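>>> following is a predicted model, sequence given first.
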Amino acid sequence: MRQELHSLQVSTRGKGLVPIDRAVLAWVRQSGIETGLLTLWCRHTSASLCVQENADPTVRTDIERYFEALVPEQPGRYIHDDEGPDDMPAHLRAMLTNVQLSIPVAGGRPVLGTWQGLYLFEHRARPHRREIVLHLMGE
Amino acid sequence: MRQELHSLQVSTRGKGLVPIDRAVLAWVRQSGIETGLLTLWCRHTSASLCVQENADPTVRTDIERYFEALVPEQPGRYIHDDEGPDDMPAHLRAMLTNVQLSIPVAGGRPVLGTWQGLYLFEHRARPHRREIVLHLMGE
Amino acid sequence: MRQELHSLQVSTRGKGLVPIDRAVLAWVRQSGIETGLLTLWCRHTSASLCVQENADPTVRTDIERYFEALVPEQPGRYIHDDEGPDDMPAHLRAMLTNVQLSIPVAGGRPVLGTWQGLYLFEHRARPHRREIVLHLMGE
């Protein structure tokens, strides 16, 4: 049994879902670990991780719209607004989703379902550079 | 240290919570692993996993009602509706809950609290066959 | 590769976020494990775990207010109210956040981002004693 660690950098261009499957799967393959547990950790409080449909891109539009409505940007609604109207909504959106995912690995691949894609969910309006730590334990 | 993998099939009968404790606990026991980490991964984007009260069944009714209101089925509200009015709400409900759970195992059992039950949360109106991958690492 | 288990007790004083970083980091340090995976499991259905900004305390006020509005206490709204008006909202708030977190450990520390703090999120109005199981696997 052994473990590997990696830091994945993701550039975002404003709010929405950024696919990260390709980079994650490539790293898992490269590790040579066939069976194990893969953990993704997003090191931010205004971006998160999620699993969503990888086929129809309109799903991503619907998701972004839904979260805009669920956690509205509204002047005076939040005390904390140091970095603008999207600051506190970004924290809340990150709380309602996840900053962490752990996925079993079998046959050298995370056991994602056919329609499951891995995404970084950016919650800030401006572009950001995000860091995801990947940890893999297995053999 | 060793690991075990298993595929658990769960049949659902429309929206709502389906208890999976019994099957999960039986598999952990059978593995012979006393101390470790158990991970559950739901391989779908319209069903999820959750931990909820295992005593009063009305809790499950309240949960289903709450999520119906939080993520309403509404014609024209979502772009993505290939599989009907419950399609996009199902994806959103799955995002707001979890498709993954990792639970420490001690004394051959997941360390669930007295009132904690494990459930598959079905978000589609029609019956489905769902697959949950179980991964256990320990000794 | 080895593993450690610990039970962390946290006293809460009504709804809101209680920082737990200090206790968690101290235990990880004490374990002597340099690289691995840390899992936190909250053994309750009316308290949860979350990752949030650790700098500006008004973030915590905004979070509590947001969840009060998202899951309102309202007489007659929920069937399950055995323990009062905050009973069912507490279960729903726990579902919308998390009872579990798994964080990679590197250099003897969980890889939290600069602004990430770990919190127990109490959802009941009265003080409670909460138990979080810590599990660490690595070397």
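Perfect, I can see it now. Since the model is a prediction, treat every value here as computed from it, not as a measurement. Residues are numbered from 1 along each chain as shown, chains lettered A, B, ... in the order given.
>>> can you tell me how far the residue nearest to residue A:126 when sequence neighbours are not counted is from chain B?
Counting by Cβ to Cβ, 6 or more residues apart in numbering or on different chains, residue A:126 lies nearest to residue A:14, which is 6.5 Å off, once chain neighbours are set aside. Bear in mind the C-beta positions are built from the backbone N, C-alpha and C, glycine included. Here residue A:14 is placed at a distance of 19 Å from chain B (Cβ to the nearest Cβ, to the nearest Å).
>>> swap in residue A:54?
Distance, residue A:54 to chain B, using Cβ to the nearest Cβ: 9 Å.
>>> check contacts around that residue.
Shown in contact with residue A:54 (Cβ atoms under 8 Å, 6 or more residues apart in numbering or on different chains): A:19, A:21, A:115, A:116, A:117.
>>> residue A:19 now?
A:54, A:117, A:118, A:119.
>>> what segments of chain A are helices?
A:21-31, A:58-70, A:87-96 (DSSP state H).
>>> quickly compare those helices and say which is most buried.
Most buried of the helices of chain A by mean neighbour count (mean count of other Cβ atoms under 10 Å in any protein chain shown) is helix A:87-96; its value is a mean of 24.
>>> what inclination does that one have with respect to helix C:87-96?
Calculated by axes from the mean of the first three to the mean of the last three Cα atoms, to 10 degrees, helix A:87-96 forms an angle of 90 degrees with helix C:87-96.
>>> mean confidence score for helix A:87-96?
Mean pLDDT, computed over helix A:87-96, is 97.
>>> what helices or strands is it leaning on?
Applying 3 or more Cβ pairs under 8 Å, 6 or more residues apart in numbering or on different chains; DSSP states H and E, we find helix A:87-96 packed against strand A:47-53, helix A:58-70, strand C:47-53, helix C:58-70.
>>> do the third one and chain A meet at all?
Yes - using Cβ under 8 Å from any Cβ of the partner chain, a contact is recorded between strand C:47-53 and chain A, made by C:50, C:51, C:52, C:53.
>>> which of those residues has the most neighbours?
residue C:51 (28 neighbours; other Cβ atoms under 10 Å in any protein chain shown).
>>> what residues are up against it?
Counting by Cβ under 8 Å, 6+ apart, residue C:51 has contacts A:45, A:94, A:95, A:99, A:100, C:101, C:112, C:116, C:117, C:118, C:119.
>>> hmm, back to that, show me the two of the contacts of residue A:54 that sit farthest apart.
Farthest pair in the contacts of residue A:54 (Cβ to Cβ) is A:19 and A:115. Separation: 13.2 Å.
>>> which ones are touching residue A:71?
The contact partners of residue A:71, by Cβ under 8 Å, 6+ apart, come to A:89, A:92, A:93, A:96, C:66.
>>> which one of those residues sits closest to residue A:72?
residue A:89 (7.0 Å).
>>> returning to that earlier point: what about the contacts of residue A:54, which are in strands?
A:19, A:116, A:117 (DSSP state E).
>>> show me which residues of chain A sit near chain C.
Chain A comes close to chain C at residues A:1-3, A:5, A:37, A:39, A:41, A:43-45, A:70-71, A:78-80, A:82, A:88, A:91-92, A:94-96, A:98-100, A:102, A:131, A:133-135, A:137, as judged by Cβ under 8 Å from any Cβ.
>>> just the buried residues from those residues, in ChimeraX please.
Applying 16 or more other Cβ atoms under 10 Å in any protein chain shown to those, the buried members can be selected in ChimeraX as follows:
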select /A:1,3,5,37,39,41,43,44,45,70,71,78,80,88,91,92,94,95,96,98,99,100,102,133,134,135,137
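>>> is the residue positioned nearest the centre of chain A bridged to anything, and to what?
In chain A, the residue lying closest to the centroid (Cα atoms, centre = their mean) is residue A:49, at 2.2 Å. Note on residue A:49: beta-bridge partners by DSSP bridges are residue A:98, residue A:120.
>>> got it, and residue A:11?
The partner residues for residue A:11, given DSSP bridges, come to residue A:129.
>>> what's the neighbour count on it?
11.
>>> kindly report the same for residue A:7.
Applying other Cβ under 10 Å, I find that residue A:7 has 11 neighbouring residues.
>>> let me see the contact set for it.
Per Cβ under 8 Å, 6+ apart, neighbours of residue A:7: A:131, A:132, A:133, A:134.
>>> isn't the first one right next to residue A:8, touching?
Yes - at 7.2 Å, residue A:131 and residue A:8 qualify as touching, with contact defined as Cβ atoms under 8 Å.
>>> which among the contacts of residue A:71 gets closest to residue B:127?
Nearest to residue B:127 out of these is residue A:96 (Cβ to Cβ; 28.4 Å).
>>> shouldn't that closest one be in contact with residue A:70?
Yes - if you go by Cβ under 8 Å, residue A:96 and residue A:70 touch, sitting 7.3 Å apart.
>>> give the residue farthest from the middle of chain A.
For chain A, the largest distance from the centre (Cα atoms, centre = their mean) belongs to residue A:76, which lies 28.7 Å off.
>>> how near is that one to residue C:62?
12 Å (Cβ to Cβ, to the nearest Å).
>>> got it, and residue A:120?
For residue A:120 relative to residue C:62 (Cβ to Cβ), the value is 23 Å.
>>> for the residue nearest to residue A:91 when sequence neighbours are not counted, which residues are in contact?
Leaving aside its chain neighbours, residue A:91 sits nearest to residue A:45 (5.6 Å; criterion: Cβ to Cβ, 6+ apart). If a contact means Cβ under 8 Å, 6+ apart, then residue A:45 has A:90, A:91, A:94, A:99, C:51, C:52, C:53, C:113, C:115, C:116 as its contacts.
>>> cutoff 10 Å now
Contacts for residue A:45 (Cβ atoms under 10 Å, 6 or more residues apart in numbering or on different chains) come out as A:90-91, A:94-95, A:99, A:123, C:50-55, C:59, C:113-117.
>>> equivalent analysis for residue A:37, please.
A:3, A:102-105, A:110, A:135-138, B:3, B:37, B:39, B:41, B:102, B:135-137, C:37, C:102, C:137.
>>> which stretches of chain A have low pLDDT?
Flagging of chain A using pLDDT under 70 yields an empty set of residue ranges.
>>> ok so, going back, identify, from the contacts of residue A:54, the entry nearest to residue B:33.
Checking the contacts of residue A:54 one by one against residue B:33 (Cβ to Cβ), the nearest turns out to be residue A:116, at 26.7 Å.
>>> look up how far chain B lies from the closest one.
Distance, residue A:116 to chain B, by Cβ to the nearest Cβ: 6 Å.
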